[in-house]
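Participant: One predicted model, sequence on top.
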Amino acid sequence: MEPESPAPEAPGGLPGPALELRAIDKRFGAVHANRAVSLSVARGSIHGLIGENGAGKSTLMNIVYGFHTADSGEIRVNGRRVVIGRPRDSIEAGIGMVHQHFMLVERFTVLENVVLGAEGGSLLGKGLAEARAGLARLGRDYGLDVPLDAETGHLPVGMQQRVEILKALHHRADILILDEPTSVLTPPEADQLFRMLALLRDQGKTVILVTHKLREIMAITDRVTVMRQGAVVHETATRDTTPRALAEQIVGRAVLLRVEKKPARPGPALLEVRNLEVRDRFGVPRVKGATFSLRAGEIVGIAGVSGNGQSELLEALSGIRRPSGGAILLGGRDIAGENVGPRDRRGLGIAHVPEDRLRMGVVGSFSAEDNSILGYEGRPEFSGGGILRRGAIRSGCERKMAAYDIRPPAPRLRITAFSGGNQQKVVMAREIDSKPSVLIVGQPTRGVDIGAIEFIHRRIVELRDAGKAVLVVSVELDEIMGLSDRILVMAGGEFVGEVSGEEANERTLGLMMAGVRGDPRK
Amino acid sequence: MSAPGRLPRWADYGLLPLLNLCAALLISGLVIRLIGESPWAALKLMAAGAFGAQDSVGYTLFYATDFVFTGLAVAVAVHAGVFNIGGEGQAYIGGLGVGLVGLAFGSWSPWIVVPLGIAAACAFGAAWAFVPAWLQARRGSHIVITTIMFNFIASALMTYLLVNVLIKPGQQSPESREFGPGAVMPSVHQALGMIGIPFAPSPFNLASLLALAACLLVWVFIWRTRWGYALRVFGQNPQAALYAGISPQRTILVSMLISGGLAGCLGVNELMGSEHRILLDFPGGAGFVGIAVALMGRNHPAGILAASLLFGALYQGGSQLAFDMPHVNRDMVVLIQGLVILFCGALENIFRVPLAALLCRAGGSGRT
Amino acid sequence: MEAFREIILLLAATIRVATPLVLAALAGLFSERSGMIDLGLEGKMLAAAFASAAVAAATGSAWLGLGAGVAAGAALALVIAFACVTHRGNQVVAAMAINIMVAGLAPALALAWFNQGGQTPQLDGPGQRFLGLAWPWSQAARRHPLPGLAYAELLSGHNVIVYFAAALVPASAWVLYRTRFGLRLRAVGENPLAVDTAGISVGALRYQASIISGVLCGVAGTYISTAASAGFVRDMTAGKGYLALAALIFGKWRPYPTLGACLLFAFADAGAARLQGVALPVVGVVPVQFIIALPYILTVLLLAGFVGEAIAPKAIGAPYIKEK
């Protein structure tokens, strides 16, 4: 939908932009999360902040909200420099934030959640009554109707989000930051949210919308800033740009990583997925009716903005998560049931490189060699009669380290002492070495240096050439295009399109990822 | 990625526990000073009390044997990420198993009865740990709370049994009758005597060999078997365990069964080795000493062995101290035990973080 | 009439047994509601029992004893908060450390200071103990079983700490549900991140809650050594701290149900002494140990979800670490 009215120019007569960031810099250890970021947000506007996952948007906003502290740089609100060291400072400066994961007490009523931190006195009675009246007014003004006495945890997600917005407004926020607000919303709920935001803007509030969805930027924002790898790379008025131009800025014109590979010679289907449905713990479907097949000797890439069901798909295929419907056929046998867990699937020849290495793929306090058998410790080459074959594990790890050029080649070194690329090689080596017929890889090169990226890609192609089936999920478009023989695009939990590897380009994929259905080539 | 400061192994297993122990001893010393005695003299008296004579060494090792069992019990569960505070109750019930064997089959040959007693100790201790473990695994009941509750339930159950069922007829104090001769674990001075080495009599008995074997077996299990591997994966990163296909429920159950079985072995040392009857509250807090021992021993059998010796010495030296210093009693040792738990456990970051920073600076940039 | 008299006396005993449980359970309520698992009730009470008896013996004033007991409880609470909030230590380990330390320290100091084998001297001087306050006409009223005896035994005749404990229940409920502090306390135990992002210090709240717990444990411990008995003896809290914790869980971390659980447990305890060897209808002779274990068994069943459901504060036991 289009905004109802253009942004009014600086109402209220206050000097300067509502929020101005100057050369904000932040490092987390080796990661340079924000590189001298400067940003100016006009009062009474909706400002979009877009970029891929890990581009530094959330870090930047957490700095503005006082959740992290910047290493250097300054923050100005209404032209005045403010020092924000904790959320309290930010709230006092008139900034409110709706976090991606709601900061709500589920067992509280809506009213209790809203007043938390702004109770209006040490006794609740009067403050609650005033808040109730104030909220009724806010509800009328902005269409933010919420049952004030309902238990928050029982409300649908969209409603909980409104509670967060009400909370910010009740804390007298003039600048409202929303971090990926639609990631948990259905499209109608998202439209409703946008109508509310437009209303807020029209009442003179300033809104910062952090998202990775182009559609939202185009639909609602007045200006947009693009971040990539921790830095601002582009800023423009929304009406002066197009989704295509933005997509290019977001992805960047980085060197296209073309992977040397011969044309695929796909054989019979090894894994077939039919009408797979996966729900999260709230019962919300994250994967809907996924149907596809993986053939021997081909690499299938799944492109999509993260959070569109790819993770759930991977976990369902590898046996970590039980699908709520559909079938996963491996050689004609349905393995979707719970009694075929990750270990059994490994036995059946499905290897899995998880998306989030440190969370799932390795045990941080273990050595490289101990990590090199994770999930395979029961195989005869690694243990006999329950006793681990230490020698074989060591020599196996040494062999893998040599074959994958893992540095330093020290099997007993703690895994977290290796660089990200070498950690990933340990995981890749472990999974590929298990001689799988199907390899499922999530984010093969997340946090991996350039040299290792090429290496890992070559290994994946080798596996394909050996007649195995490979499924790659990645948020890196270059990677998907470089590796895949066939590309499936996921949006909103569904497959919205399929293109062959040769035909794919950023634009067509980008549009499909943004949820434009069908085949955009037509 | 759990602790904020990472240390090299030698510092983690050696220097840090030593620093923590020093802090605990320092504060205990201050308390002794406050009482008006000399901490230094107290320390010397304790050392003499623990190691000064053969029989005192025997007592020290006897106590240490208890603590090896309960320390290992805590450690095995900790490796699976489970905090078992129920060692006291599991030891008590394990003792019931030993006792029942001793009372029923005491007239048989020790070659049968002693292994039977050990098996019963493990089985009863494990059974008592099974219920909280099952409740945690299947129903999500907080295992810390349930194991504490089970300590009290065990205590009530044993009181009931000793007062009403097992009591020796015609006797006032709630104790069972003495076990038959077959249910006696040979003491070390007897065993040494048989091969011609004289040793002063003490309750130190061959259950200590069982404790050493338990150390070895736990080490093998945790670091050398696939089940121990699975246990550690689950304890360190439950998500990775899920990914690897390691069942959380089964891991919790296995770790707790082993833990309870180890705690139960305390009964072998105390009842078969020393008392030869079941008596009220025989674990006497050894289950809780296990927490201190495991924390200080860094959950490693070798560390637990060392920490057990230390606590054995403290307990034996402490009783000796009470004889020689009229104003100090054995409770001082309990205080030290609490302080060790405080410094090795709850306050470990107080030394760990600065130490890590110091070592990092000393060793240049260090590894990253 | 005799049976009626027995019942009233049993209820009066229940009140006396319940008082330290109520105080300790409410102490636990404050710290657990803030997200800190409070296994240290036992140790804090025992320390207070010793400190109050020691000071009462030395000064002759029960009130100074109370002050000392409260100070001891609060000091230990600070140690726990320092370890668990400031240094993000394990709450269970910290509590066990406190419990064990006190179990050693109290008798050690008692021996050194009073030389009576780890006890404090008998408190029998005037004003050294908290004694029952006789309400008007209570002596005269005793002659009439109802309402006279009930008035004399149940309302009148208790010491000031009993009345304090009784008043503390509605007061705690009021603080928890009607004040800003209570709201924040409940929030921090459920979702500290929500509290932090609302601009409130998680650490400060948890310190406050911890100190409240220490103070109330101080009162409970004082009751045990200077009101319910006349002096400190080794291990005199005898698991009451854990029993109070069980009552708190049984009361689902809410003041009035917790009071109910304390009264139930106390009733069982008071009854156990009277039921020794007495055959009840239907069930026959119930072993006294079974009645003693009953609160623990019930709590386990509750935690297992077999009788009702106990949902702990969500964030309980976890140190608050900002960086995700």
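Facilitator: On my side now, so go ahead. Computed from a predicted structure; not experimentally measured. Numbering: from 1, shown residues only, chains lettered A, B, ... in the order given.
Participant: Chain B contacts on the stretch 351-500 of chain A?
Facilitator: A:352, A:354, A:358-366, A:370, A:373-375, A:377-378, A:382-383, A:386-388, A:390, A:416-417 (Cβ under 8 Å from any Cβ of the partner chain). C-beta coordinates here come from the backbone N, C-alpha and C atoms, glycine included.
Participant: Just the buried ones from these?
Facilitator: A:352, A:354, A:358, A:360-366, A:370, A:373-375, A:377-378, A:382-383, A:388, A:416-417 (16 or more other Cβ atoms under 10 Å in any protein chain shown).
Participant: among those residues, which are in helices?
Facilitator: Applying DSSP state H to those, the entries found in helices are A:D370.
Participant: The buried ones among the residues of the stretch 351-500 of chain A next to chain B in strands, which ones?
Facilitator: Of these, the ones assigned to strands by DSSP state E are A:352, A:383, A:388.
Participant: Hmm, the second one is touching A:R390, no?
Facilitator: Which is A:S383. No. Counting by Cβ atoms under 8 Å, A:S383 sits too far from A:R390 to count as a contact (9.7 Å).
Participant: wait, what's in contact with A:V224?
Facilitator: A:47-50, A:217, A:235-238, A:241, A:246 (Cβ atoms under 8 Å, 6 or more residues apart in numbering or on different chains).
Participant: so where does it fall, helix or strand?
Facilitator: strand A:223-228 (DSSP states H and E).
Participant: which residues of the stretch 51-200 of chain C score low on pLDDT?
Facilitator: Residue ranges of the stretch 51-200 of chain C with pLDDT under 70: C:145-146.
Participant: Can you pull up the residues of the stretch 151-300 of chain C that come close to chain B?
Facilitator: Residues of the stretch 151-300 of chain C lying near chain B (Cβ under 8 Å from any Cβ): C:234, C:239, C:242, C:245-246, C:249, C:287, C:289-290, C:292-293, C:296-297, C:299-300.
Participant: And those residues, which is closest to A:M512?
Facilitator: Closest approach between these and A:M512, by Cβ to Cβ: C:I249, at 53.3 Å.
Participant: Near that closest one, how many other residues are there?
Facilitator: Applying other Cβ atoms under 10 Å in any protein chain shown, we find 24 residues neighbouring C:I249.
Participant: show me the contacts for it.
Facilitator: So C:I249 contacts B:145, C:299, C:302-303, C:310, C:312 (Cβ under 8 Å, 6+ apart).
Participant: how many neighbours does B:P115 have?
Facilitator: Around B:P115 there are 11 residues (other Cβ under 10 Å).
Participant: likewise the one 3 residues further on?
Facilitator: A total of 23 residues lie near B:I118 under the criterion other Cβ under 10 Å.
Participant: and the closest residue to it other than its chain neighbours, how far is that from A:T221?
Facilitator: Excluding the flanking residues, the one nearest B:I118 by Cβ to Cβ, 6 or more residues apart in numbering or on different chains is B:V268, at 5.5 Å. Using Cβ to Cβ, to the nearest Å, we find B:V268 at a distance of 74 Å from A:T221.
Participant: and what of A:G319?
Facilitator: Per Cβ to Cβ, A:G319 is found 41 Å from A:T221.
Participant: for C:A18, same thing?
Facilitator: Distance of C:A18 to A:T221, computed by Cβ to Cβ: 63 Å.
Participant: What of C:M45?
Facilitator: From C:M45 to A:T221 the distance is 60 Å (Cβ to Cβ).
Participant: When the two are compared, which one has more neighbours?
Facilitator: Comparing C:M45 with A:T221 by other Cβ under 10 Å, the one with more neighbours is C:M45, at 35 against 27.
Participant: That one reaches C:I224, doesn't it?
Facilitator: Yes. Between C:M45 and C:I224 there is a contact at 6.7 Å, judged by Cβ under 8 Å.
Participant: which residues do those two both contact?
Facilitator: Residues touching both C:M45 and C:I224 comprise C:20, C:237, C:240, with contact defined as Cβ under 8 Å, 6+ apart.
Participant: residue contacts, the last one?
Facilitator: Shown here is C:K240, whose contacts under the criterion Cβ under 8 Å, 6+ apart are C:20-21, C:24, C:42, C:45, C:220, C:224.
Participant: Quick check: the residue of the stretch 401-522 of chain A nearest chain C.
Facilitator: As assessed by Cβ to the nearest Cβ, chain C sits closest to A:T416 within the stretch 401-522 of chain A, at 15.7 Å.
Participant: Could you check the pLDDT of the spatially closest residue to that residue that is not a sequence neighbour?
Facilitator: Using Cβ to Cβ, 6+ apart and skipping residues adjacent in sequence, the residue nearest A:T416 is A:G364, 4.9 Å away. Note on A:G364: pLDDT of 90.
Participant: Could you tell me the backbone phi and psi angles at A:G364?
Facilitator: Backbone torsions of A:G364, given as degrees, to the nearest 10, read phi -60, psi -30.
Participant: quick one, what contacts it?
Facilitator: Applying Cβ under 8 Å, 6+ apart, the residues near A:G364 are A:358, A:414-416, B:1, B:236-237.
Participant: Just the buried ones from these?
Facilitator: By 16+ other Cβ under 10 Å, the contacts of A:G364 give A:358, A:414-416, B:236-237 as buried.
Participant: okay if I get these as CSV plus pLDDT and distance to B:L16?
Facilitator: Formatted as CSV, these follow (pLDDT from 0 to 100; distance: Cβ to Cβ, whole Å):
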residue, pLDDT, distance to B:L16
A:L358, 81, 25
A:R414, 90, 17
A:I415, 91, 22
A:T416, 85, 19
B:Q236, 94, 19
B:N237, 93, 23
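Participant: The stretch 251-368 of chain B against chain C: which residues are in contact?
Facilitator: B:288, B:291-292, B:295, B:326-329, B:331-339, B:341-342, B:345-350.
Participant: again, only using 7 Å
Facilitator: Applying Cβ under 7 Å from any Cβ of the partner chain, we find that the stretch 251-368 of chain B lies next to chain C at B:288, B:291, B:327, B:329, B:331-335, B:337-339, B:341-342, B:345-347, B:349-350.
Participant: Would you write a ChimeraX line that selects the buried entries of those residues?
Facilitator: Selection of the buried residues among these in ChimeraX, burial being defined by 16+ other Cβ under 10 Å:
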select /B:288,291,329,331,332,333,334,335,337,338,339,341,342,345,346,347,349,350
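Participant: of all the shared contacts of C:M45 and C:I224, which comes closest to chain B?
Facilitator: C:K240 (11.2 Å).
Participant: And that closest one, how far from chain A?
Facilitator: 29 Å (Cβ to the nearest Cβ, to the nearest Å).
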